[in-house]
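>>> quick one, structure for this:
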Amino acid sequence: MRGFPAGTGQEDGVALVTVILVSLIVFLLGAVSVGLAVHNSGASAYERMRLQSVNAAEAGVNEFLAYLERTPPSELSCDRTISLQAFPGTATAQVHADLYDVSGSLLSCPPTGGPVPASALITSVGSASGGVPRKVQAQVRLTPVWRGIGAAILASEELELKNILTVNGYSGNDAGIYVGGDADLSNRLTVFGSLYAQGSAELSNAANLKGELWARGSVSLSNNAEVGGDVTSSQGGVSLSGGSRIGGSARAATTVSISGNSRVDGLVIQGSPSGPPPSIALPEIEFREADWTAAGFGIQSFSDCSSAAQFITALPSGNWAVRISPACRLAFRNNTTLGLPGDLAIVTDGSVSLANNVTVKGVGGVRKLFIIVTWRPGLDCDSGAYDISTANSTGFQDVQVFLYTPCSLRLANWNQITGQLFAGEVNIANQMTLNYMPLLVPGYGQLAGFKVDLVYIREVRP
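A predicted model of the protein is given here:
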């Protein structure tokens, strides 16, 4: 029998074992590689769908912001769905918005006949095909964009504001004042908005304008007057004296004169004519019965002011449009209190006077009061027969007011008014506060949408 050589072992199977071990290692490495590839592919697909869901949610927010800019409140839908291409499938966003007024109270959607939305909380849930939904929220401030008559004060000819007057904006510094002629603001008044005058503009004695001032003619600031924004004189000069200040830049067609410890914080631009300031024409408001009935007002017509006054002092429930023609003088005085159980419109061809502690109160809620002297061509405004005037502590409680006359509007000794003032000439004096509140006159003006200011946008937990 043949034996093994001396000093050697039986090692013929070692190579086979080595091959098997190497093959096993290669197989394991291959399995790990395949597993990693499958895992990475799944993770990549998941991440892609996650990003698609987030992008869809953000796209839903952006689409709703654009929707707010072009849509009147009465036409708003607070629940919207958008579809997006998201290769290889599609993505969708379900968008819901909560609307709030200036006090932070939740409004119905669409808002109907009440306050205009001042802010919104937008929630958008995006999802891609087979992906996990992602939620994005955004909070925005809303500034109404009015088509036609969006101004706190509109004077087609002259404006005079004085004596401890405050004009508050509706949403920030948006109390716009438009003047077809010269503007004079004086004596410790503050306006949270901008002034646009087709004539000259003068601010004096601690008058403070928070927005911009733009006049076609010359601009004068004296005795600690202040403008927070830019000041522009399209065809004249700008002068500052007595410690006055311009927070923005000063631009003049001719020269900018600075004296008496006054200053301009921004640029000083001289010899630079510009176009006219923005303007809003005084609307020609007539009485169209169909507009008021369509807005839910009953109509009561009178040919004399005495009968009209009796009806107004004992109003029945509901919304009423009181039409007075021909012209007469409607006067309320001597501690009169007018209760409004609904909205009231006084549309007259004559004048309206409230004096000696007249109080107008909303009954059962906030009411609207429209006092309108109808527009007609060729009115003799010097006669005073078409004016609106108040004096001696006339006040409004829970009432939003729209005052309009093609002639003179003279207001004195008020505590507070919320609404808008439109006239040929506007004269306001003696410790009054005007809170700008845009109101829609049936048949005139339209809220076209909103200017949107983003407060934040962020992803939140679904």
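>>> in the stretch 251-400 of the chain, which spans are helices?
In the stretch 251-400 of the chain, the segments counted as helices under DSSP state H, counting those that start in this stretch are 289-294, 305-313.
>>> backbone dihedrals for Glu212, please?
Main-chain torsions, Glu212, degrees, to the nearest 10: phi -100, psi 160.
>>> just confirm it contacts Val219, I think it does.
No. Glu212 is beyond contact range of Val219, at 11.1 Å (criterion: CB atoms under 8 Å). To be clear about C-beta, it is placed using only N, CA and C from the backbone, and glycine gets the same treatment.
>>> so between those two, which is more surrounded?
Legend: neighbour count by other CB atoms under 10 Å for Glu212 and Val219, higher for Val219 (30 against 21).
>>> residues contacting the more buried one?
200-202, 213, 231-233, 236-239, 252 (CB atoms under 8 Å, 6 or more residues apart in numbering).
>>> bridging residues for it?
Beta-bridge partners for Val219, by DSSP bridges, are Ala201, Val238.
>>> any idea how far Asp380 is from the residue nearest to the spatial centre of the chain?
In the chain, the centroid-proximal residue (CA atoms, centre = their mean) is Thr143; its distance is 1.8 Å. Relative to Asp380, Thr143 is positioned 39 Å away (CB to CB, to the nearest Å).
>>> how about Gly181?
Separation of Gly181 from Asp380 (CB to CB): 19 Å.
>>> the two: which is more packed in?
Per other CB under 10 Å, whichever of Gly181 and Asp380 has more neighbours is Gly181, with 17 against 9.
>>> what secondary structure does the more buried one sit in?
What DSSP: H, G, I helix; E, B strand; the rest coil gives for Gly181 is coil.
>>> contact partners for it?
Taking CB under 8 Å, 6+ apart, we find Gly181 in contact with 155-159, 197-199.
>>> how many neighbouring residues does the closest residue to Ile280 other than its chain neighbours have?
Using CB to CB, 6 or more residues apart in numbering and skipping the chain neighbours, the partner closest in space to Ile280 is Tyr178 (4.7 Å). For Tyr178, the count of nearby residues is 26 (other CB under 10 Å).
>>> may I have the beta-bridge partners of Tyr178?
Tyr178 forms beta bridges with Leu154, Tyr196, as assigned by DSSP bridges.
>>> quick check: it touching Ala281?
No. Taking contacts as CB under 8 Å, Tyr178 lies outside contact range of Ala281: 9.0 Å.
>>> from Ile388, how far out is the residue nearest to the centre of the chain?
28 Å.
>>> got it, and Asn163?
Distance, Asn163 to Ile388, using CB to CB: 19 Å.
>>> so between the two, which is more surrounded?
Shown here are Asn163 and Ile388; by other CB under 10 Å, Ile388 has more neighbours (24 against 16).
>>> what's near enough to touch the more buried one?
Ile388 sits in contact with 351-353, 371, 373, 403-405, 408-410, 423, where contact means CB under 8 Å, 6+ apart.
>>> can you list the residues you listed in a markdown table and add neighbour count and pLDDT?
As requested, those are arranged in a markdown table below (neighbours: other CB atoms under 10 Å; pLDDT from 0 to 100):
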| residue | neighbour count | pLDDT |
| --- | --- | --- |
| Ser351 | 22 | 97 |
| Val352 | 22 | 97 |
| Ser353 | 17 | 94 |
| Ile371 | 21 | 98 |
| Val373 | 30 | 98 |
| Leu403 | 21 | 97 |
| Tyr404 | 24 | 97 |
| Thr405 | 29 | 98 |
| Ser408 | 22 | 97 |
| Leu409 | 23 | 96 |
| Arg410 | 19 | 93 |
| Ala423 | 28 | 97 |
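>>> turn those into JSON lines, columns for distance to Cys328.
Shown next, in JSON lines, are these (distance: CB to CB, whole Å):
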{"residue": "Ser351", "distance to Cys328": "8"}
{"residue": "Val352", "distance to Cys328": "10"}
{"residue": "Ser353", "distance to Cys328": "11"}
{"residue": "Ile371", "distance to Cys328": "14"}
{"residue": "Val373", "distance to Cys328": "12"}
{"residue": "Leu403", "distance to Cys328": "18"}
{"residue": "Tyr404", "distance to Cys328": "18"}
{"residue": "Thr405", "distance to Cys328": "15"}
{"residue": "Ser408", "distance to Cys328": "17"}
{"residue": "Leu409", "distance to Cys328": "18"}
{"residue": "Arg410", "distance to Cys328": "19"}
{"residue": "Ala423", "distance to Cys328": "19"}
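>>> which pair in those residues spans the largest distance?
Using CB to CB, the pair of these lying farthest apart is Ser353 and Tyr404, separated by 15.3 Å.
>>> what comes up buried for stretch 155-173?
Residues 155-163, 165-171, 173 are the ones in stretch 155-173 that count as buried (16 or more other CB atoms under 10 Å).
>>> what do Glu212 and Val219 both touch?
Both Glu212 and Val219 are contacted by 231-232, under the criterion CB under 8 Å, 6+ apart.
>>> give the contact list for the nearest residue to Ser272 once chain neighbours are set aside.
Nearest residue to Ser272, sequence neighbours excluded (CB to CB, 6+ apart): Arg251, at 5.6 Å. Taking CB under 8 Å, 6+ apart, we find Arg251 in contact with 230-233, 238, 267, 269, 272, 274.
>>> from the residues you listed, which would you call buried?
When those are checked for burial by 16+ other CB under 10 Å, the buried set is 230-233, 238, 269.
>>> out of those residues, list just those in strands.
Among the buried ones among the contacts of Arg251, DSSP state E puts 231-233, 238, 269 in strands.
>>> from these, which is closest to Ser124?
Nearest to Ser124, judged by CB to CB, of these is Thr232 at 40.7 Å.
>>> quickly list what the closest one is bridged to.
Trp214, Arg251.
>>> low-confidence ranges, the protein, go.
Flagging of the chain using pLDDT under 70 yields the residue ranges 1-13, 30-49, 85-89, 113-114, 130-131, 146-148.
>>> which stretch of helix or strand covers Leu22?
No, residue 22 isn't Leu; it's Val. For Val22, the host element (DSSP states H and E) is helix 14-70.
>>> restricting to C-alpha, output the helix or strand hosting Leu447 in CSV.
Using DSSP H and E, Leu447 sits within strand 446-460. These are the backbone C-alpha positions of strand 446-460, laid out as CSV (Å, rounded to 0.1, in the frame of the first residue of the first chain):
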residue,chain,number,x,y,z
GLN,A,446,-65.8,97.8,-5.4
LEU,A,447,-63.4,95.9,-3.2
ALA,A,448,-61.3,94.2,-5.8
GLY,A,449,-59.0,92.1,-3.6
PHE,A,450,-56.1,92.4,-1.1
LYS,A,451,-52.5,93.4,-0.9
VAL,A,452,-50.9,90.5,0.9
ASP,A,453,-48.0,90.8,3.4
LEU,A,454,-46.5,87.5,4.5
VAL,A,455,-45.9,87.2,8.3
TYR,A,456,-44.5,83.7,8.2
ILE,A,457,-44.6,80.4,6.2
ARG,A,458,-43.5,77.1,7.8
GLU,A,459,-44.0,73.4,7.7
VAL,A,460,-45.9,71.9,10.6
